[in-house]
Every structure is written in C-alpha cells, then in structure tokens.
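**Q** Task: produce atomic coordinates for the following.
(chains A, B, C, D and E)
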Amino acid sequence: MSTAPWLTIMLIVPAVGSLLVALLPRRSALLAKQLALAVSLVVLVLAVLATAAYDPDKAGFQFGQKHEWIKQFGVSYSVGADGISLVLMLLAALLVPVVVLASWDEADNVNRSVPAFFALLLALETGMIGVFAATDVFLFYVFFEAMLIPMYFLIGSYGPVEEKAQRSYAAVKFLLYSLFGGLLMLAAVIGLYVLSSQQFDTGGTFDFATLRQHLVITPDTQKLLFLGFFIAFAIKAPLFPFHTWLPDAGAQSPTGGAVLLVGVLDKVGTFGLIRYCIPLFPDASEYFAPMVLALAVIGIFYGALLAIGQRDMKRLVAYTSLAHFGFIALGTFAFTSQAGTGAVLYMVNHGLSTGLLFVVVGFLVSRQGSRDVGAYGGMAQVTPMLAGVFLIAGLSSLALPGTNSFVSEFLVLVGTFTEYRALAIVATCGIVLAAIYILFLYQRTMTGPVKDEKLRLVKDLSVRERVVVAPMVALIIGLGVYPKPLLDIITPAVTSTFEDIGKSDPAPTAPVAATQSGGHS
Amino acid sequence: MLDSYVPILVLLAIAMLFAVGSVVVSTLVGPKRFNRAKVDIYECGIEPEPVPAGPHRFPVKYYITAMLFIVFDIEIIFLFPWAVAFDSLAVFGLGAMVSFMATIFVAYAYMWRRGGLEWD
Amino acid sequence: MSAVSTVVAQGVTQKITPPSIEYSALSPMLILFGVALAGVLVDAFAPPKARRLIQPLLAGAGFIGAFVAVVLLHARRQILAAGAVAIDGPTLFMQGTILVFAALAVLLVAERSLDSSGGALVASAAVVPGSKGSTAQRTSPEVQTEAYPLMVFSVTGMLLFVASNNLLVMFVALEILSLPLYLLAGLARRRRLLSQEAAMKYFLLGAFSSAFFLYGVAFAYGYASSVELGRVADAVGTVGKNDTYLYLSLALIGVGLFFKIGAAPFHSWTPDVYQGSPTPITAFMAAGTKVAAFGALLRVFYVAFGGMRWDWRPVIWAVAILTMVVGAVLALTQRDIKRMLAYSAVAHAGFLLVGMAGSNSDGLRGAMFYLVTYGFTTMAAFAVVSLVRTGDGEASDLSQWQGVGRTSPVLAGIFAFLLLALAGIPLTSGFTGKFAVFQAAIDGDATPLVIVALVCSAIAAFFYVRVIVVMFFSEPLADGPVVVTRPTLTFATVGIGALMTLLLGVIPQPLLDLANTAATSGFVR
Amino acid sequence: MNPANYLILAGLLFTIGATGVLVRRNAIVVFMSIELMLNSVNLTLVTFSRIHGTLEGQIMAFFVMVVAAAEVVVGLAIILAIFRTRRSASVDDVNLLKY
Amino acid sequence: MTGTSTLLLAANVGDPDTSVLTDDPFWLILLKAVVVFGFLLVMTLFSIVFERKVVAKMQQRIGPNRHGPRGWLQSLADGVKLMLKEDIVPALADKPIFILAPIISAVPAFVAFACIPFGPEVSIFGERTLLQLADLPVGVLYLLAAASIGVYGLILSGWSSGSTYPLLGSLRSAAQIISYEVAMGLAFVAVFIYAGTLSTAGIVQSQHDWWYVALLPSFVLYVIAMVGETNRTPFDLPEAEGELVGGFHTEYSSIKFAFFFLAEYINMVTVSAIATTLFLGGWQPPPIPGLSGLDHGWFPLIWFVAKLLAFIFFFIWLRGTLPRLRYDQFMAFGWKVLIPVGLVWVCAVATFRAYQQHVTDRTPWLIGFGVVVGILLIIAIIDPGAAKAAREQEEAERERAESAPSLENIPWPPPSGGPARAMAGLDKGNTTVIPAGAGPRQES
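**A** Predicted structure coming up:
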C-alpha cells in the first residue's frame, strides 16, 4: 500500500479534473459543480488513504518518487511526504471539497463562468498539493509560483462584483507581492544550485534531501540565501511587515478563495520556513532567529490590534490570521520540537478555524451583501445555527481550551517558553487581544437586538451549508480533544528536522509530554 | 606617388585662374545699367511669379532615376577592379561576377516590369 | 610611403589566388538568397493574382529549405570563405531559430482575412496618406507581395549576421538584415502616418548606429590590421599595439550591437518602431532581429574580445542593469499594448545580457535557449494583438481591451498565458529561459546582477498582469473591439507559439540539450 | 605627413556627423550627417590601410561605399514618402509616436 | 569612384613605366599644363566655328565669314563680345552659387584632360618625358570623376537661378548625364578586361597590335553614351528651346553664359579624347603594316589630333543630321537598351576572354553557365510588350479597387450578423471581418 505513488496520483487527479471541468461548456454549470465536487472528494479519499499508509516512525520522505525532468539543470520530478507536509496536504484535500460546496452558487452570483471557477479551484488544489509534496527545490518553486495564477484569477474574476477596482487591485497586489518574493527565492534557489554544482562531482542538483545532507554552505552565503527564501515565505505567510496584501486579498476573494488562501496557501510560507529555511540554512536561521521572533511577536499584536479596529468582517478575519501566523512563526523559530510541533499543528488548526470563520462570514455576507460589521446585529435570533457555528469558529480562533487551536497554541507557547521566556510571556498576552476581537465581532453581529428589520428575512443555514460546516466543526472539536493522530505524524518529522540542525530540546521528553498535555486538555 | 598629381593641380590652378579671372574681368569691364525687368526671372511674356515652394517641385521620377543610378554605379565600382584583375581571377572571378550581375539583373528586370523605367 | 611602395611592388608580382568557398556550408544563406531573387522575379513577371499565392509559398518553402540545410549541417564546425564565415554550434542553432521564426512570420504576413480585403501590409506604400488613393488602399484587395522577398533578404542577412567571422562581413550582413526591415516597418495598411514615422525613425537611428558599428570596425582594423574576429582576438594582449584603438573599437562596436538588440540607452527606437510597424512585421522583428543581433553580439564579444573579458564585463553589467530597469519601468507607463510589448522586449534584452554577463558557456547556452523561448512567446503575443480589432484597425490601446477575456475567453486566455510567460511564471518557457540565464549569471559570479534582474522581473510582471486585469476583470465595452475569428494562419502562429511556450516550459530538456551541444562546442576561431 | 593626422580629421568628421544627427532636425540633414559619418569611417579605413601597408582597409572602403549607397536609396525612399505626406522633413514634426 | 582606390588599383602588371613622367622638372610640368590648356581653348574656339561652318555646308548656307580669315575668328569675337556684356544676376537667385556654377562646370572640363596621353616618350628641351600631363594608375577613374563633377555645375546653375525653366533643365541634364554614365562605365569594362589596367597610357600601349574598336558593341555603346553625356544633339534635351527656353542657362548672361558653352565644347573634346584613347588606340597609328614606323617621336601627336577631330566632326555631323529625341524616348533608350546591352556584352566579353585563357581545365561548364545566364537575361529583358500588358492589367485592377471602396460596397456590418450585434462587439464566435475605417475617420 505504501509503495503506491500516492502523491503523484493526488497531483494528477485534480489536474485532470481541472482540465475536464475547464473544457465543459459554460452552460453545464451544474455538471461542473458536481464533477468538481467528485474530484475533490476523490482527492480527499486519496489523502486519507495516504495518511493511513504513512508510517510515522520511518525517517525521511515516504511515497517518494523521482523522475528526471530537466537534466540540464539537475531538476527532477521528485515528490515525497514527511509528517509536516502530509498533514498540510490532508488539510488542503479536506478544505477543497468544503470550499466547493461552500461556493456552490458563488460563481453564479457574480455572473461569471462557473466551470472556470471550479477549474481554477481544482488547479489551485493541484498547486497546493504539489507545493507540499515537492522534494525538489525547483519543483517546489514551480508549484509555489504556479499556485498563484489560479488564486489570482479567483480573486480578480470572482470577487465582489460591485467593487471592481478594489478587486483587481487586491488581485494584482496579491500576485505581485507573491511574485516578488518568489523571484527573490528564485535567486536563492539558483544560488543553491550553483553551489551544489560547484561542490558535487555529479553536477548541480535541486534534490532537497541531497542538498540538505551534503551541501556545505558558508555562514555568509547562508545568510544571503536564507534571506532569499525567508522573504518569499514571509510574504507568503504573511509575517508582519510583508502582510499588507493579505487583508485586501482576503476581503476581495470569493469565500472559497479566501478559505483556501488563508487556510492553505499561506501555510506554504510557514511550511517553507520549517521545511527549507531551517534545515538548509541552520546557521543563518539561528542568526536571524531573534529577528524573526521579534517580527512574529509584533505580528501577533499588530494583527490583533488591527483586527479589533476593523469593521469589514473579512478584513477582520484576515487580520486575525496575521496574528496567528505570528504564533506559527514563533513556534517555528523557537527551535524546540515542542514549539515546532505546535507550529505545524497550528497550521492545520488555523486552516480549520479560520477557514470555518471565513465560510461563515461568507454565508452571512452572501445573505446580506454587506461585509460591514455595523450592518448586522442580533443575528443569533434570526439565524441561530449560523450564529452557533460562528461562535465555535470564533472560539477556536481565539484558542479556547477544548478547541483545536488551543492545543497548538499551547504547544507553541510552552515550546517557546523553554527557550525564550520573555517572548512567550509577551505572546501570551496576545491571546487576550484575540479574545477581544473575536468576542467583539460576535457580540456586535450576533447578539443583541436585531438591528434591521430586513435582517429578519435572512435565512438560516441550508442543508448544503450545514454539510459544509459540519465536518469542520467536528474536526475543530475533535482535534481539540484528541490531537494525537496528527501529533503522531507531525512530531517525528519536526524532531528530525531540528535534530538535523543540531537542535535538541532542553527536555528530551518534550514530544511525549506535549502529546499528553494535548490529549488531556 | 602623390607627385603624379602635381601636374593635375597645376592644370587645375591654371583653369581656375582663367575662370575666376574671366568672371572678375567681365564684371569690371561690362556695363551696369539697372532695370527691374532685367533682374526678374524669365517668363514667356507674363508677369513672373516667385518659384512655388512645395513638395511637388520635382517629379518623383528624378529621385527614382537617381536611386537607380546609384545602384548601377555601384555595380560598376565592382566591375572595374574585377575587369582589371580579370586574368588572374580567372574562372572564379567570372563565376562570381556573373552571379553578381545576374543579381543586379533580377532587380533590373523587376524595376522594368514594375514601370520604374517609364517616363510618363 | 615606403609601405605603400612595397605593396605596389608585391602587387606586381603577386597573383591573386581565388579563395576556395565551401558552398555546401553556406547553403542556408545561398538558398534564401536564391529564393529572394526568385521572389523578385515572381513579383516582376507573375500576374498579381498569382503573386499573392506564389510569394508566401515561395518564402515559406525557402525558410523550410534553409532550415533543412541547417539541420543537415548540424555537425559542421569550420571557418570558411577565406575566414569570412564561421559555421559552428551557436551559428547553426541561431540560424535554425531565425528560420523557424521567419517561417512563422510568413504565416502572419500571409494572413489575408484580418482586414476586410488584404493583409496587414499596404499595397502601395508610396501613396500619400490621407489622399484619395490612400483611403482606397485601406480596403482594396491589392496586397503587397514585395514584402516576402524583402523578408527573405532580411533573413538572409540575419543568417549571415550570426555566422560572420569577419567584422566587415558582419557589417554588410547588418545592413542586409536592416535595410529590408526599414522598408517593411513602413508598410502598415492602417495608420499609415505612424507606420511611415516608424520607418523613418528606424532608418535614421539604425543608420546612425551602424555608422558607430562601422567606426568600431575601422578601429579594430587599425588595432589588429585585420577585421577577422580570430585575428583581432590574437592581437588582443600582444604588446606594441595601440590599446586606445582596441577600446574605441570595443565601445563603438558595442554601441552598434546594443542598438540592434534594443539595449538601453540605445533602445529609444524600439517602442516607436514596434508600435508603428505592421504587427506581423513587428513580430518578425521582435523575434528574428533579436536572435540575430544577439548572435552577433555574443560572437564578437566572446571571440574577438574574449581576451578582454574583464574589461567588458562591467560594461555589460551596466548596460544590462540599465536596460532591465528602463524596460521594466517605462513599460509601466504605457497605454498601448504594442508599445508595452516593445518595452518588454527591451527588458528581455536586459535579461539576455544578464546571461551574457556570466561570460561562460552556460551563459551562451542560456542566452540561446532564452532567445528561442522569448521568440515564440513574443511572436504569438503580437499575433494575438493583430486579432483584436476595431473598425479602424488593431485595437492596440489598452483601454479597448476591456473585457476581452469575457467576450473571447480562449484567445484572451492564450494571451494571458503568453503574458505570464513573458513575466516568467513557472511552467512557461519564460521561466525556464530566465532560469537558464540567471543560473549562468550566478555561476559566473554575477549574483548582484541577477538580483537586479529579479527585481525588474517583478516590476515587469506588474504591467503584464495589468493587461490581464483589463482583459479579465473588467466588463466588456459596449463598442469594444471584435476578435477576428476566421484567420487560420494567424491562429496557427498563435497556436504554435503558445504550444511552444508551454512545451518549453514543461519539457525544456530536448531544446536545452540542443543548446548545450551547440554551446559547449563554442565559437570556432 | 603623419597619418595620424588623417585619423584625427576622420574623428572630427565623425564627431561632426554624430553631432549633426543629434542636433539637426531636418531628416535630410540628419541623413547627410550619417553619410558624413560613414565617409569619415572610410577615411579612417584608408588611413589605417596606409599605416599597416595592407589593402584590406581600402577594400573595406569599397564595401562601405556600397552599403552607404544602398542606405541612401532606402533612406531617401522613406524620407520622401514622409515628406510627401507632411510637406516637411523636420524630425520634430514627426511626433505621433511617443510614450 | 574616386581616389580612395589608388592603392588597390595600383598593383597591375599592365601599367607602363611612369618614371619618365614623375621625374619631370616643374618647368616642364608648367609648360605642358599651359600647352594643354591652350590646346583646349583653341579646340573650343575652333570647334565652334568648325561646327557652324560644317552645319552651314550641310544645310547649304554660307556660315560665318566676317571675322578673321574666312570667318575663322568668329568664335573669338563672340567670346570677347560676351566678356563685355552686362552681367545680370536675377534678384531671386542664390548669388554665390549662381556665380560659382559656371566655374564649376568649366574647370573640371579642363582638368579632365590631364590624363589624356597625346603621344609617347619624346624629348623636350633635352628632358625625356611623355606627351602626357599626368599618368595615374587609375587614370580612367580620374577621367570619369573629373567629367562627373561638371554635372554639379549644371545642377547648381539651375537650382540657384530661382526660376522654373533652369531648374527643370538642370534636373533633366543631371538625370540624363547620370543615366548615360552607367552605360559609359559599362562600355569601359570590356576595355579593362583586355588591357588589364586603368592607366590611360597603359591602355594605349596595350592597343599596339590592334585597336579596341574591335570590341565594337562597347565602342558603339560608348559613342552613344558620350553624346548623351555631353548634352549634344540628338540628346540635347536640357536645352530644349521649345520646352525649356534655354534650359539650365536661361538666366545666365555675359561671360558666365560663355562658360557653359566653353564647358560643353571642352567636354566634347574630352569625351572624344577618351574615345580615342580607349578604343582607337590613342596616339598609335592605325594598325596598317606600313605605318608602324610612325609610332614614336612627335608623329603620334598627328594621329591623336586626327582621331580627335574625326570625333568632333562626328558630333557636328550628328547635329546636322538628327532631330532631338523626346525625353522619355531618350531615357528609355538609355535604361532599356544601352544598359542591358552593356551588361550582356560585358558578360560575353568576360566569358570569351576566360575561354581564351583557361580553356584547358574544367571550365567549359562554368563558361557555359555564363553564356546561358547571359542569354536568359536577354530573353528576360527583351519582352517589353508583355511588361506593358502586365502593367496595364495591374493599372486596371488598381482603378477598379479605387473606385470600389465607398461605404455602400463594404459589407459593414457583415452580412452574417446584425448591425447591433456587431457594433456591440459582443458577437463572440462569429466570423466578423473588420472593414476599413469607413467614413471620414482620420488616419493615424
């Protein structure tokens, strides 16, 4: 079972699906939707099967496949999964069917081609899986950039109809930021290649495993290359000074787009940090760690504060993500396996919680047509189910114990605490702010008297929408109570990553402790 | 080498002296009786007009002729040295020059057929 | 004086020995030359109707024939025709490239269903714009068949340009390739004034730059007492020569060649000429001339001035940076799509120079590969531009393109793809090409240059993306342009270009191998 | 007679030509300036030919003359076409193409 | 075609030894120059009277008979008279150029004669020298160059007059001279092939055994071209009185007018001298066995002058006999007959010469190629009827096209879609062909 080329299949299925959907005539909208849903479900099944086939105790990449692609540049089609990438692939595979369902009518609403919309979604899925699966730096870069294009069109073409200018502004901003970062990364990628071709007799290579194990880079070069990668990932994630595209893109995306954007796409940034930056450039990582940590903490507060001030719900959610990414970065650069594990888990959890938040906000907005917080009030009376889901998502977002985020946030903070006591304490204060923005949002929109008579006409969640939110709610609560399966997968990978660079935890039993503490809360 | 040009310069000097001298002498010895009609340009019995300025001053044919001349003059530039060195260039030179002339001839045929040589 | 008399004395005794010429190795050029002459004869003797049919076929057959000849020659590495011409890997590679682009350009020029009657070229260029005859010409079914022989002549010059091993031959080739282009630039059926203006600017600036080139050749002769590239190279570094001549020669030849590739600060003709020329010709120029000029540039700098690499590298750096920045930044301000593509061509020239700055065989390979990728993409892009039309000709203003993505999604999608390729997004040929040159540059210790190049790519991406925004994210205009859907030939070009853009992005290996084979053997000397 | 003097003369002519191209506005004058540049190159070539005692320079001058003539033909055709349209040969009047 | 080619063309086997010329003392150079100058002036004065007398005889009139013995000083008297006339410069003229033009047209006419060999080596006051002012290795090129400069005089005179007739006249003459110069150059090529040199003295020497008049087509070509070059009847179109009043010299008076005349007659003498040198063996006696002793000393001068006078008589004879051509006929003759014939003849001569010299090796194939190409070219050229028919057909087609494009005739909107659909531009997927910008849309 585990020898099956899971990853390749998982790449081919959505790619082919995307092509098929794209070729459908514009009339057959329903068929497109069904086909897209079917394809995304197949991918989900595949992802689950792959996860089942994954052996967490084996070191290195599994399901690996390697074929020569561009011999001249030492590029190969090389995929593989370790614990970190597997959970993220799983997240992507999970979110896509959710998004397909959630955006069932989205494209119709903006009077655009429906097949194209779903084709873009599936193309995006291909890119997302590819970027996590790639074990060739070049291939990673290719997916990293290729992923932008469908997202760009999703924002530009399927964003809010009436805000044409802002929409295309957001799309362009998104694309250019990412592209710019990507190009810097390209320089670093080429730099890696050139170094490898100078060091290896067999010529240059992009193979991640080879580079990681055999490439010797002087600290100064490391710093440069690290910056190349780091800026790309920091933009992608986004970390504090590079974040300005996110609120725009988040607000102007269609709901499905926003979910995938914040839920998965941005994870590529943090994933890249832990996958590429740290193992490839350990010295530079260490050198820059204080800076990154500082940025992370700033991000936590900055995101939270701005979120509090937002009146646009989607922007608000986007800003909360900024804060969350601060936590993830914090965990990643604390260099303890506990914090690292927490960060990776946080990536998944954030995908779920913020994804759900976006979905719910999207539902609300699609009903009322306004993203303004002030336009709502007392919705809990009108749409109790929606309000309930909203509350769960919000609580997960502020990492209330019992929800999934709590486990990861806790791990991150504990892990950080062992290394950087002060930072951990400061970051903890960020949680308070998180509580403020989420509860404010909930309070203003859901509780209190119904603000406008028109709001009374708003319908509660439909069956389709319930189907959308149900698995997410289940996962939020389920993972909050029992995160062990994921942690089992993540921890060995993170530990080995940090061990590779000579970072072992102060407390050797930390992974076990983390698992237990997660399990008990 | 340049000595062989000295006689030419001498002849040139003599000719120039003669020409310039004649013009000067003629202006000195000739009568000068002003009459407005004299300094007008020539017209056949009607009031002369200043030369009309504008793009249609010359028929375009003249330009075409000038361009054609340039083309053929260049051909001749190459023909002369070739002809002088003909014996040592032998058959290679013949082949090269025949192809060269054939090329020019193609252009020439085109020009003829397209009416480049017509004066209407 | 004494030197002269010895010459005379020698001349008296010396018998001229005819050089031996390997005609087979020159066959691509000879074939094209013959085809061009045949084309002229056809134009002279065939009736107009037959000309319309014969000329494109003849030109196309010529290009294909010459391409076959190039393929047959693939193993040749030699210097022939008394040192005038070098047949080697880079030569043949570039010749093949040029021929492919030329064949595609023939398709574009031969397209006759774009305008209501003829193709994109005016039937009679001499008619004064605005006059009655000129208005008539816009719709007359007459076509300009002289364009084909002119193109073939131009391509002949291009082939010779990349093959010339002698600066004088290079100069002659430069003129052979340029002169027909000057004329072709002025042949647009619509917007005659713009077209004529483009022709004049192209001509004046082109002649200006070739004068510089020539002056450089003269100094090379003064320095090395020969203009053969190999002998110039031999002379470089020997003592007792006047180095001033050498540096002057390098600078002046550089100016001439930089002009041809459209590198800043000698780029100013590019936007005007690209905009004013008939679009098929623009496509031809953008692809073909660039290859030819780069071929010559590489040959001169690698072979003749290879020994003074450390002297010209900084120059290449400076020019590359300036070119990229100028191209990218000025493109941002453009409202006209053809102009924008022109500035993008400038920027791409800068990227190519980045590859050259590595000054190694990787750079050669990268540049050659890049030229192929860029050529296909840009030709297809111009072809698409020629398809979107209003009643007044091409809708080249960006504002007219609003919502084209909605009304004709396939074409706009292809165009978007091409633009993304120009921007260098992965899975397009633009990316692999950029990768190839940047890799060479980093390998050749030009990392800062690559960083600048990347920043410029990012800036450049902005204006490509802007077009996509206009096409896809705006509502169609009520009186917007129409996308012509009948023209098979143009579609074929677009299709081939887009397909190659995709293929070279996904499986570049075969072409890279080819470029590698060509580049590793290097320039013969 | 120092041959270098001819080089200096040629350089001056070339500079005058180049300046003319850049400064003058009449297309024909610009064009003539370019021809001046080409001819100064001829002078340079012939001078070098004499300095080196080889014939190549003179042969090159032939080629240059031919090319210059071909340029004249093409250039005049283009300039004439514009001249007939606009009734002006000023480069400044030809300004539809910008930015 | 000027002096830059000196070195290249210097190296030739056929060049005569010119050392006797280059070591001439300056007094001898001056003497010879003055003699040449005087010779030309005298020839001019003589030719004018001679022409008038001969034409008069041909027309059965008396001709000039007042001044000097039997009227032979008539032209001198005319010259003096013109010198004393008022010198008028039109108000609209460009004065400096107007004055310069006649000088420019006359001086090169004198200078061209420097390269004409009058005779072989002689002794003048004990100094051995050639009867020739200068012998350049590129003599013929020098002749062509010097003769061509005269055109500037004509052009500038017409241009600077500020008047229509002179302008047209000067244009005509310029077009005429450059047109026939091509044929003239082609005619020389055959001579060079056989002589192997560009030096005039060398060419004369090479005609020791036989004159190049045997290259008959070239000779004929040259004779025709030289008449065209000198603007003489029947090719005197620049001065066509009926159309252009006086041609380029309409506005000229006094000595400046005389200079144009002077230039014309000196040119006549010069081209005749060239013809003599290149085709009639120059100072060589006719290749008749008995005359072979007369090719040294001062005798050859007689041969030379005799041949020259024969040409001058020929010019006058033409004037007395032939009417003037129409301009288009004249140009067509030059471009459509002389040039192709010249080219083909050059090919033929070259092929023949190559055949003569290299018949041993595998050259016949190439020679045959040359002949075939030549024949093909003749066929290609001699088909004026077809050309004309084709052009007329095209013309007709163009006219049809020009009459067509009114708004009504253009399928706009296209027949397939409705106007509204097409106008809206929403008619995607249709096969619209955009018509021209119908209506008064401004171009560009």
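
**Q** so what's the backbone phi/psi at C:E228?
**A** The phi and psi values for C:E228, taken as degrees, to the nearest 10, are phi -70, psi 140.

**Q** burial count for it?
**A** Counted with other C-beta atoms under 10 Å in any protein chain shown, the neighbours of C:E228 add up to 26. Every C-beta, even on glycine, is put in place using the N, C-alpha and C of the backbone.

**Q** Surely it is in contact with C:N166?
**A** Yes: under the criterion of C-beta atoms under 8 Å, C:E228 is in contact with C:N166, at a separation of 5.0 Å.

**Q** Between those two, which contacts overlap?
**A** When contacts are counted by C-beta atoms under 8 Å, 6 or more residues apart in numbering or on different chains, C:E228 and C:N166 have C:G83, C:A84 as shared neighbours.

**Q** And for D:V29, nearest residue in space, chain neighbours not counted?
**A** Nearest residue to D:V29, sequence neighbours excluded (C-beta to C-beta, 6 or more residues apart in numbering or on different chains): D:G20, at 6.6 Å.

**Q** again, but for E:M331
**A** B:W119 (5.1 Å).

**Q** what do you get for A:A50?
**A** A:W6 (3.9 Å).

**Q** which stretches of the stretch 51-200 of chain C form helices?
**A** For the stretch 51-200 of chain C, the helices defined by DSSP state H, counting those that start in this stretch occupy C:89-110, C:132-139, C:147-163, C:167-185, C:192-224.

**Q** Most tightly packed of these?
**A** helix C:147-163 (a mean of 29; mean count of other C-beta atoms under 10 Å in any protein chain shown).

**Q** Measure how the stretch of helix or strand D:N42 belongs to sits relative to helix C:167-185, angle-wise.
**A** For D:N42, the enclosing helix or strand under DSSP states H and E is helix D:27-52. If you take axes from the mean of the first three to the mean of the last three C-alpha atoms, to 10 degrees, helix D:27-52 sits at 170 degrees to helix C:167-185.

**Q** Show me what helix D:27-52 packs onto, helices and strands only.
**A** helix C:2-13, helix C:192-224, helix D:3-23, helix D:56-86 (3 or more C-beta pairs under 8 Å, 6 or more residues apart in numbering or on different chains; DSSP states H and E).

**Q** Mean pLDDT and distance to A:K236 added to these, as CSV?
**A** Listed next are those as CSV, based on pLDDT from 0 to 100; distance: least, C-beta to C-beta, whole Å:
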stretch, mean pLDDT, distance to A:K236
helix C:2-13, 38, 71
helix C:192-224, 90, 43
helix D:3-23, 90, 49
helix D:56-86, 85, 52
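
**Q** any chance of those helices in TSV, plus distance to A:G480?
**A** Shown next, in TSV, are the helices and strands packed on helix D:27-52 (distance: least, C-beta to C-beta, whole Å):
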stretch	distance to A:G480
helix C:2-13	97
helix C:192-224	68
helix D:3-23	75
helix D:56-86	78
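
**Q** Tell me which of the ones you listed lies nearest to A:A493.
**A** Across these, A:A493 has its closest neighbour in helix C:192-224 (59.8 Å, C-beta to C-beta).

**Q** which strands and helices sit next to that closest one?
**A** By 3+ C-beta pairs under 8 Å, 6+ apart, helix C:192-224 packs against helix C:167-185, helix C:229-235, helix C:243-261, helix C:269-276, helix D:3-23, helix D:27-52, helix D:56-86.

**Q** Please name whichever of the ones you listed is nearest to C:T333.
**A** Evaluated with C-beta to C-beta, the helices and strands packed on helix C:192-224 place helix C:269-276 nearest to C:T333, the distance being 10.7 Å.

**Q** That closest one packs against which elements?
**A** So helix C:269-276, by 3+ C-beta pairs under 8 Å, 6+ apart, packs with helix C:192-224, helix C:279-284, helix C:337-357.

**Q** contact partners of that helix?
**A** In contact with helix C:269-276 (C-beta under 8 Å, 6+ apart) are residues C:185, C:188, C:191, C:194-199, C:201-202, C:205-206, C:259, C:262, C:282, C:285-286, C:330, C:334, C:336, C:338-339, C:341-343, C:345-346, C:396, D:97-98.

**Q** Quick one: residues contacting A:Y152.
**A** Contacts of A:Y152 by C-beta under 8 Å, 6+ apart are A:A171, A:F174, A:L175, C:V465, C:I468.

**Q** ugh, wrong one, I meant C:A395
**A** Applying C-beta under 8 Å, 6+ apart, we find C:A395 in contact with C:V388, C:R389, C:W401, C:G480, C:P481.

**Q** at 7 Å instead, please
**A** Counting by C-beta atoms under 7 Å, 6 or more residues apart in numbering or on different chains, C:A395 makes contact with C:V388, C:R389, C:W401, C:P481.

**Q** Can the host helix or strand of A:V131 be said to contact chain C?
**A** Following DSSP H and E, one finds A:V131 within helix A:114-133. No: Helix A:114-133 is not in contact with chain C by C-beta under 7 Å from any C-beta of the partner chain; minimum separation 7.6 Å.

**Q** ok so, going back, and the residue nearest to E:M331, that's in a helix?
**A** No: assigned with DSSP: H, G, I helix; E, B strand; the rest coil, B:W119 falls outside any helix and is coil.

**Q** I'd like to know how far E:F333 sits from E:V227.
**A** Using C-beta to C-beta, to the nearest Å, we find E:F333 at a distance of 11 Å from E:V227.

**Q** coming back round to it: check contacts around the residue nearest to E:M331.
**A** With contact taken as C-beta under 7 Å, 6+ apart, B:W119 is in contact with B:K61, E:Y327, E:D328, E:M331.

**Q** Including secondary structure and neighbour count, could the residues you listed go into CSV?
**A** As requested, those are arranged in CSV below (DSSP: H, G, I helix; E, B strand; the rest coil; neighbours: other C-beta atoms under 10 Å in any protein chain shown):
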residue, secondary structure, neighbour count
B:K61, helix, 17
E:Y327, helix, 17
E:D328, helix, 13
E:M331, helix, 23
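
**Q** Among these, which one sits closest to E:I316?
**A** E:Y327 (23.2 Å).

**Q** What separation do you get for the closest one and E:F333?
**A** Spatial separation of E:Y327 from E:F333 under the definition C-beta to C-beta is 11 Å.

**Q** Tell me where the model's unsure across the stretch 301-444 of chain E.
**A** Residue ranges of the stretch 301-444 of chain E with pLDDT under 70: E:358-366, E:369, E:376-444.

**Q** need the strands for the chain, in chain order.
**A** Since no chain was named, I'll use chain A. Applying DSSP state E to chain A gives strands spanning A:62-70, A:75-81.

**Q** look at chain E instead
**A** E:119-124, E:127-131.

**Q** Next, the residues that contact the first one from outside, please.
**A** Spelled out, it's strand E:119-124. E:20, E:28, E:128-131, E:283, E:295-298, E:300-301, E:304.

**Q** Return the closest of the contacts of B:W119 with respect to C:R525.
**A** Using C-beta to C-beta, those come closest to C:R525 at B:K61, 50.6 Å.

**Q** which residues touch the closest one?
**A** Listed by C-beta under 7 Å, 6+ apart, the contact partners of B:K61 are B:W119.

**Q** Return the residues in contact with A:V259.
**A** A:V259 neighbours (C-beta under 7 Å, 6+ apart): A:L95, A:V99, A:G355, A:F358, A:V359.

**Q** Make a ChimeraX selection of the buried ones in those residues.
**A** Buried subset of those, written as a ChimeraX selection, criterion 16 or more other C-beta atoms under 10 Å in any protein chain shown:
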select /A:95,99,355,358,359
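
**Q** Mind checking which of the contacts of A:V259 are in helices?
**A** Among those, the members found in helices (DSSP state H) are A:L95, A:V99, A:G355, A:F358, A:V359.

**Q** Which single one of the residues you listed is nearest to E:G158?
**A** Nearest to E:G158 among the ones in helices among the contacts of A:V259, counting by C-beta to C-beta, is A:V99 at 85.3 Å.
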